[in-house]
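J.: Below: sequence and its predicted model.
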Amino acid sequence: MAERPAFYALRTGGWRDYISLLHPPYTLWHLSYVALGWAAAPAAHTDRLWWALAAFFLAVGIGAHALDELNGRPLGTQIPTPILVTIASGSISLAGVIGIAAAERTSWWLLAFVAFGCFIVCAYNLEWFGGRVHTDAWFALAWGAFPALTASYANALEITPEGLLVAGGCFALSAAQRTLSTPVRDLRRRIRRVEGSLERTDGTIQQIDASTLRAPAETALRWLSLALPLLSAGAVLVRLG
């Protein structure tokens with residue numbers, strides 16, 4: 001039986017492909033950065049939190065993952081290419097419209113964040129410039145620091161030390177996620193067979209396979225995908241007072 005391409009991926013086909021396309025644990029994880037950034041600001045505009053969450057859900061949760069699937073079919077879904085193109089272009093455009101509307105109501109400086117977001121979601125996932133922005137550092141910047149700093153700015157309408165610190169923390173968390181998930185993806189999607197054994201100091205022998213190798217990293221990813229939403233929810237509640 002073939003390995004699933006991700007621990008959260010459903011059996012291929014039909015509506016299940018669209019659920020898998022959302023990468024639910026990771027989408028929730030990165031939306032948590034939006035909430036953490038918002039909570040780091042010295043303000044509590046709840047409407048701006050909801051709009052920021054909606055924009056990043058459209059751009060990252062849907063658009064980025066549709067572009068990623070277009071670029072090599074890493075999840076192996078059967079979603080037709082024209083539908084993926086429509087999903088990606090529609091969701092990213094809607095996210096941009098939300099950003100422009102927010103800028104019109106608050107600060108035109110927000111357009112700088114909108115422009116960068118629309119650029120990086122395409123450049124990273126479609127590996128523009130020969131993949132120069134499809135690196136671990138760019139992942140941590142675009143998927144970690146950027147959502148947090150954008151939400152912090154959208155709430156406070158200024159760059160604050162608290163927002164920068166939280167963005168730095170989200171950068172580090174995304175870098176850790178990338179470090180854990182890269183070998184897991186490799187084992188699930190590109191390794192055909194693993195053979196070997198571990199000989200312990202007491203003489204016992206443990207046979208190893210792909211699941212043995214990926215279990216520690218994958219378990220850590222599962223726990224982190226639970227921890228970040230809980231932490232962000234707590235931070236939002238603290239900010240709301």
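T.: Ah, there it is.
J.: Which residues does the helix or strand containing residue 87 contact?
T.: Using DSSP states H and E, residue 87 maps to helix 81-105. Applying C-beta atoms under 8 Å, 6 or more residues apart in numbering, the contact partners of helix 81-105 are 21, 48, 51-52, 54-56, 58-59, 62-63, 66-67, 69-70, 109-111, 113-114, 117-118, 121-122, 154. In short, each C-beta sits where N, CA and C put it, glycine included.
J.: how does it look with 7 Å?
T.: The contact list for helix 81-105, computed with C-beta atoms under 7 Å, 6 or more residues apart in numbering, reads 48, 51, 54-55, 58-59, 62-63, 66-67, 69-70, 110-111, 113-114, 118, 121, 154.
J.: again with stretch 211-219
T.: 7, 180, 183, 184, 187, 188, 194.
J.: so who does the first one touch?
T.: When you say that, I think you mean residue 7. Shown in contact with residue 7 (C-beta under 7 Å, 6+ apart): 218, 222.
J.: quick revisit: in helices, which of the contacts of stretch 211-219 fall?
T.: Taking DSSP state H as the definition of helices, these contribute 180, 183, 184, 187, 188.
J.: Give me the buried positions along the helix or strand residue 224 falls within.
T.: Following DSSP H and E, the helix or strand that holds residue 224 is helix 210-240. Buried residues in helix 210-240, counted by 16 or more other C-beta atoms under 10 Å: 210, 213-214, 217-218, 220-221, 224-225, 228, 232, 235-236, 239.
J.: again, but for stretch 73-80
T.: Buried residues in stretch 73-80, defined by neighbour count with 16+ other C-beta under 10 Å: 75, 77, 79.
J.: Phi and psi next, for the last one.
T.: Here is the backbone geometry of residue 79 (degrees, to the nearest 10): phi -70, psi 120.
J.: Would you state the strands of this structure in chain order?
T.: 197-199, 205-207 (DSSP state E).
J.: Including mean neighbour count and mean pLDDT, could those go into JSON lines?
T.: Formatted as JSON lines, these follow (neighbours: other C-beta atoms under 10 Å; pLDDT from 0 to 100):
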{"stretch": "strand 197-199", "mean neighbour count": "9", "mean pLDDT": "93"}
{"stretch": "strand 205-207", "mean neighbour count": "9", "mean pLDDT": "93"}
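J.: Just put the ones you listed in a markdown table and tack on distance to residue 142.
T.: Output for these, formatted as a markdown table (distance: least, C-beta to C-beta, whole Å):
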| stretch | distance to residue 142 |
| --- | --- |
| strand 197-199 | 38 |
| strand 205-207 | 39 |
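J.: quick one: low-confidence parts of this structure?
T.: 1-2 (pLDDT under 70).
J.: how about a cut-off of 90?
T.: Where the chain drops to pLDDT under 90, the residues are 1-4, 43, 72, 192-193, 241.
J.: thinking again about what came up before, could you give me the PyMOL selection string for whichever of the contacts of stretch 211-219 are buried?
T.: Entered in PyMOL, the line below selects the buried ones among these, by 16+ other C-beta under 10 Å:
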select buried, resi 180+184+187+188
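J.: Distance check, residue 166 against residue 37.
T.: 6 Å (C-beta to C-beta, to the nearest Å).
J.: Between the two, which is the more surrounded one?
T.: More crowded of residue 166 and residue 37, by other C-beta atoms under 10 Å: residue 37, with 32 against 24.
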